[in-house]
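have a look at this prediction, sequence included:
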Amino acid sequence: MNDLQQNQTTAQQAESLEDSRANPLRPHELHSSRYFQLLKSRRKLPVSLRRQEFLDIYHDSQVILVSGETGSGKTTQIPQFILFDEWESGKKVACTQPRRLATTSVATRTAAELDVPLGDQVGYSVRFERKTSRMTRLKYMTDGLLLSEASKDRDFSAYSCVILDEAHERTLSTDLLMALLKMATSRRPCLKVVIMSATLNVEKIQSYFPAAATFEISGKVHPVQIHYLSHSTPRYCYCAVTVVKHIHKNMAEGDILLFLPTSGDIEMVCSILRDEYEDLTILPLYSALSRARQEEIFEDSEYRKCIVATNVAETSITIDGIVYVVDSGLEIRPVYNPRLRMSTVLTSPISKASAKQRAGRAGRTQPGICFRLYTEQTHRACFIPSAPPGILEGELASQILLLKVMGFDSVGTFDFVDPPHPEVYLRGLQDLRSMRYIDDKGTITRTGRIAARLSVHPKWLNAFMEGQKNGCLREMIDLAAISSTQHPIFLRPPPARFAADIAHQRFACPLSDHISQLNALHAYESAIKTENRLPINQWCFDAFLNRRALSEAVRIRDQLVVSLQNELAITKEVCRFEDAEYDTHIRKTLARSFFYQCALKHPDMFGTIYRTVHEGHTAGIHPESVLSEGIQEWMVYSEFVSSGTPYLQTVTAVDPAWLIDLDFFQDDSLPKTADGNFKQPLVKKSLDKARKKRDSLEEDLISFEILDLKAT
Ligand SMILES: Nc1ncnc2c1ncn2[C@@H]1O[C@H](COP(=O)(O)OP(=O)(O)OP(=O)(O)O)[C@@H](O)[C@H]1O
């Protein structure tokens, strides 16, 4: 018997025996004292009091919509009820979350509640990282990951029940899962679906699943008082600092959770608060931070904690000790514009549902107070009820391809909760057509099938094939991996921008941001291998590189190499950096793979404005680019973004001669006005010039060969 077990009282042992009948995960073992502590608090949760009522509905219905106050126990308890109920089926229970941090933290909590090591019966799976085993029966996972599983198994046959949590967020993946689950439930009558949220639009989802039962959990764990400002203020950071100071000076014990829209705001506010207080533990929280730094928010602290977070802390997570929530009422949301093929990132007001979720981070382990940095009138009149579904705001090419590979040829008539905007849908089809992933009839091609199976955006398959021709396949795989990390690899924290820019110069390639990224990745890998090196964390810190993003890129790259092995002959050989043509091979490959994202310098302007070839939209080069001075004529860009001013981001200078033989740049493909003239005469002129140059070079070559022939 171990120490923990010895510590159990006789009463606990009796309780353990009683409870073990309900806990098939450890049927013959005694539980730890922590288990009993947690059990005591779990039993008080509103949802625990209605366990049997929930199970009765669960037995009678195939689809159940669960709504209930934040903190009432949906995420941690309902999956356990189902797990025990479904134990005999031998199948798994999946519970999805929109965010990674929430996925890992609720899995950790649930494993602790069940007194099992994380990864055994309870585990988690997020992209490129998982803690599961063959024993795992309850799997918390991101919605994106379950979607990619579904592309291989439309019946969700490994699962007896799929729980979609935080469904109010209506992410693109959750919406697609709802549609696929709707079909799967008609094929598999024993498959159950539970859709949960504290702020679910029940009528909307019920009209999509007409036979769904509803289960509403009333009652809060602890009350949360809400305070509003009496006057609005645009200076939300200043206002947030004032409120935090007020709480710290005048209010009773309890940690603070402050919501701000951007990582820049967070770092600024953290540095102001750090300068002022030594007896306050200030912890930033945003997705670009390393996992270890993110998890610091859960650690105990000698002083009061003040966590300054973006909306990554908005749903699902419980941070023990939070009493005060300060909500700026703002967030950043990328919105895709199909006409511009551009993502606009603007700081905008949150929805009422988000405001409720944010307030709900308090009152979970004790009563709480939420300070909203906006007026009640603003909340009532200016906040929309819930954020628009992701399917109405995002780019759809990869989702259309995924559906096509699953056999849904006519995606236009697919039964979505909210159908996508026809223009976004058509743009997605056009993009897939120009990448040759579908044919003229919209049928998926062989290349399209391979592209759909990639763990990165399907557009990269073209780059891999082109890279193979030009001897830089490995570099393209590295770039695909870098572009798939959730965070930028170059860090520019606001207080140290200048120092960061200097540190980044050693990786800079004057003609390409993509190659600069590759240089940083390769330097990181050799820093790891070098003996007597600096600790890698220190090396990354000094170089202002994001270690988390780099190690994630390496992981993605290694998995990609394995998954591509059957499709492309991947040799160990890499393009040699010492090769005089190293840059050219990579730039040419990028140009020929992402030709539909080319831009040409606009001479009428001050010299730094470019115009995209296909749509003719103008934009500057992002100020963080190595090419921001706008000297080069042609560019290929990875993103067209706007946070007020439109910018081309992550760009590479290209030679139009590399493009002229592509169909996309032939006269009959270039965009024309209604009267048949070229919409962008400059593009036409520049391409003609490149063609002439090529022809005259070819003529020179021929005459040179003739001369050579005569000489022999
Ligand atoms: N990591 C944790 N530390 C302390 N208490 C926790 C933790 N996780 C959960 N709890 C307790 O369990 C309760 C239920 O949490 P759970 O996440 O299941 O609620 P929920 O209804 O899903 O909330 P939300 O709608 O906000 O996701 C919390 O209110 C809290 O009291």
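Okay, I see it.

OK, now which residue of the stretch 401-550 of the chain is nearest to the ligand?
residue 417 (20.2 Å; CB to the nearest ligand atom). C-betas here are computed from N, CA, C, even on glycine.

now name the helix or strand holding that residue.
Following DSSP states H and E, there is no helix or strand that holds residue 417.

and the pLDDT at the closest residue to it other than its chain neighbours?
Spatial nearest neighbour of residue 417, chain neighbours left out: residue 208 (4.9 Å); criterion: CB to CB, 6 or more residues apart in numbering. Predicted confidence (pLDDT) for residue 208: 96.

for the helix or strand hosting residue 269, buried residues please.
Using DSSP H and E, residue 269 falls within helix 263-276. Across helix 263-276, burial judged by 16 or more other CB atoms under 10 Å covers 263, 265, 266, 267, 268, 269, 270, 272, 273.

hang on, the earlier thing: list the residues that contact the residue nearest to residue 417.
Residue 208 makes contact with 178, 182, 417, according to CB atoms under 8 Å, 6 or more residues apart in numbering.

isn't the second one right up against residue 209?
Yes - under the criterion of CB atoms under 8 Å, residue 182 lies in contact with residue 209, with a separation of 6.6 Å.

hey, where'd the strands end up in the stretch 501-650 of the chain?
Under the criterion DSSP state E, counting those that start in this stretch, the stretch 501-650 of the chain contains strands at 598-601, 609-612, 618-621, 634-642, 646-654.

list the contacts of the third one.
Translated: strand 618-621. 599, 602, 605, 608-612, 627-630, 635, 640, 645-648, 651.

now with 7 Å, please.
Residues from elsewhere that reach strand 618-621 (CB atoms under 7 Å, 6 or more residues apart in numbering): 602, 608-611, 627-628, 630, 640, 645-648, 651.

give the helix, strand or coil label for residue 670.
In three-state terms, and counting by DSSP: H, G, I helix; E, B strand; the rest coil, residue 670 is coil.

give me the nearest residue to it, chain neighbours excluded.
In space, and not counting its chain neighbours, residue 670 is closest to residue 678: 5.7 Å by CB to CB, 6+ apart.

the residue lying closest to residue 662 once chain neighbours are set aside - how many residues pack around it?
The shortest distance from residue 662 to any non-neighbouring residue, by CB to CB, 6+ apart, is to residue 595 (5.4 Å). By other CB atoms under 10 Å, 21 other residues sit near residue 595.

ok, now which ones touch residue 595?
Counting by CB under 7 Å, 6+ apart, residue 595 makes contact with 659, 662, 664.

spell out which parts of the protein neighbour the ligand.
45, 68, 70-77, 109, 198, 221, 315-316, 318, 320, 360, 364-365 (CB under 6 Å from any ligand atom).

separation between the closest residue to the ligand within the stretch 351-500 of the chain and residue 41?
Among the residues of the stretch 351-500 of the chain, residue 364 lies closest to the ligand, at 3.5 Å counting by CB to the nearest ligand atom. To residue 41, residue 364 is 10 Å away according to CB to CB, to the nearest Å.

which one of those two has more residues nearby?
Summary of the neighbour comparison: residue 364 and residue 41, criterion other CB under 10 Å, with residue 364 having more neighbours (21 against 12).

skipping its backbone neighbours, what lies nearest the more buried one in space?
residue 71 (4.2 Å).

what's the local residue count around that neighbour?
Residue 71, neighbours per other CB under 10 Å, totals 24.

helices and strands around whatever helix or strand comes next after the helix holding residue 269, which ones?
Downstream of helix 263-276, the next assigned helix or strand under DSSP H and E is strand 280-285. Of the remaining helices and strands, those touching strand 280-285 by 3 or more CB pairs under 7 Å, 6 or more residues apart in numbering; DSSP states H and E are helix 263-276, strand 304-309.

format these as TSV; extra columns: mean pLDDT.
Compiled in TSV, the helices and strands packed on strand 280-285 are given as follows (pLDDT from 0 to 100):
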stretch	mean pLDDT
helix 263-276	90
strand 304-309	96
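
export those as TSV, with columns for distance to residue 245.
TSV is the format used below for these (distance: least, CB to CB, whole Å):
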stretch	distance to residue 245
helix 263-276	7
strand 304-309	10
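
residues touching the strand or helix carrying residue 474, excluding its own?
Secondary structure from DSSP H and E places residue 474 in helix 473-484. By CB under 7 Å, 6+ apart, the residues outside helix 473-484 that reach it are 456, 460, 463-464, 467, 489, 514, 517-518, 521, 553, 556-557, 560-561, 568, 570, 574-575, 586, 589, 638.

next one: stretch 445-461
Contact with stretch 445-461 is made by 398, 401-402, 405, 432, 435-439, 480, 484, 556, 559-560, 563, 567, as judged by CB under 7 Å, 6+ apart.

if you set the cut-off to 8 Å instead, what comes out?
127-128, 148, 151, 397-398, 401-402, 404-405, 431-432, 435-439, 444, 462, 465, 476, 480-481, 483-484, 556, 559-560, 563-564, 567, 593-594.
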